[in-house]
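Chemist: Sequence first, predicted coordinates after that:
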Amino acid sequence: MMSATTVPQGLKPLRLLGIYGTADPSTALRTGAAPLRLAPERGLLNLVLLMAALLAVGASGFAQSANGLTEVELKGKGMFQQRCALCHLPRSYDDDSTYGPQLSAATVTGKEAVVREFIRQGTAQMPGFQYGLTPEEIDSIIAYLKTVK
C-alpha cells in the first residue's frame, strides 16, 4: 500500500503553490525527488497574487460578484437551478423546448406579485412551493430572473 507521501515511480515530484519535492526523505532518495522545500520566490509571488485578487474582490464590494450578480441574485440563481430549471430551461443543447414557459426579465419585470403567487401556489401544471421555499427564497428567485435576458 502506498502512503500519502510516496511519489510513485515515473511521476514528477510534488509541486504545489511554491512547494516542491516530497515530504518523506527516504522516498526522495529512492525516487530521485528532492526533499520537500519551499521556493521562497514562488511563495512570495503566489502570496502577492492572492492578495491582489482579494483586494480586487474587496474593492468591488461583497454585494457584487465577479459575474455582476448581487448576493441575493446569486442565491436566487442557485434556487432557480435547483427548483425551476428542470421545467423552465431548454431540455438539451440541441432542443430549445421546455416543459414550462422560459422565464426571463421580460416575463417577470412589472409582474413580480403575480410571479410570486405562481411560485407559491403553483398551477395545474406546476407544483406550488409555499411549503418548500421561504418568502425570501422566492424573492431571490424573482430578483435573479430579472437579470436573465
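Modeler: Good, I have the coordinates. Owing to the predicted nature of the structure, the values given are computational and were not obtained by experimental measurement.
Chemist: Could you chop the protein up by domain?
Modeler: According to automatic domain parsing, the chain comprises the domains 14-60, 71-145.
Chemist: Verify the contact between Ile142 and Val108 for me.
Modeler: Yes - with contact defined as Cβ atoms under 8 Å, Ile142 counts as touching Val108 (6.0 Å). All C-beta spots, glycine's among them, are computed from the backbone N, C-alpha and C.
Chemist: ok, of the domains of the chain, where does mean pLDDT dip lowest?
Modeler: Among the domains of the chain, domain 14-60 has the lowest mean pLDDT, at a mean of 55.
Chemist: all helices of this protein, in order?
Modeler: 25-31, 40-60, 71-83, 85-88, 105-108, 112-121, 135-145 (DSSP state H).
Chemist: for the third one, which positions count as buried?
Modeler: Read it as helix 71-83. 72-77, 79-80, 83 (16 or more other Cβ atoms under 10 Å).
Chemist: likewise the last one?
Modeler: For helix 135-145, the neighbour count (16+ other Cβ under 10 Å) marks 137-145 as buried.
Chemist: One more: the fourth one?
Modeler: Of the residues in helix 85-88, those scored as buried under the neighbour-count criterion (16+ other Cβ under 10 Å) are 87-88.
Chemist: Residues touching that helix, excluding its own?
Modeler: 80, 98-103, 126 (Cβ atoms under 8 Å, 6 or more residues apart in numbering).
Chemist: Now for the residues you listed: which two are most distant?
Modeler: Phe80 and Tyr99 (14.6 Å; Cβ to Cβ).
Chemist: Quick one: the buried residues of helix 71-83 as CSV, columns for distance to Phe118 too.
Modeler: Output for the buried residues of helix 71-83, formatted as CSV (distance: Cβ to Cβ, whole Å):
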residue, distance to Phe118
Val72, 20
Glu73, 19
Leu74, 22
Lys75, 19
Gly76, 15
Lys77, 18
Met79, 15
Phe80, 14
Arg83, 13
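Chemist: from those, which single one is nearest Tyr131?
Modeler: Looking across these and measuring by Cβ to Cβ, the closest to Tyr131 is Arg83, at 12.4 Å.
Chemist: so the closest one sits right up against Pro127, yeah?
Modeler: No - between Arg83 and Pro127 there is no contact under Cβ under 8 Å: 9.4 Å.
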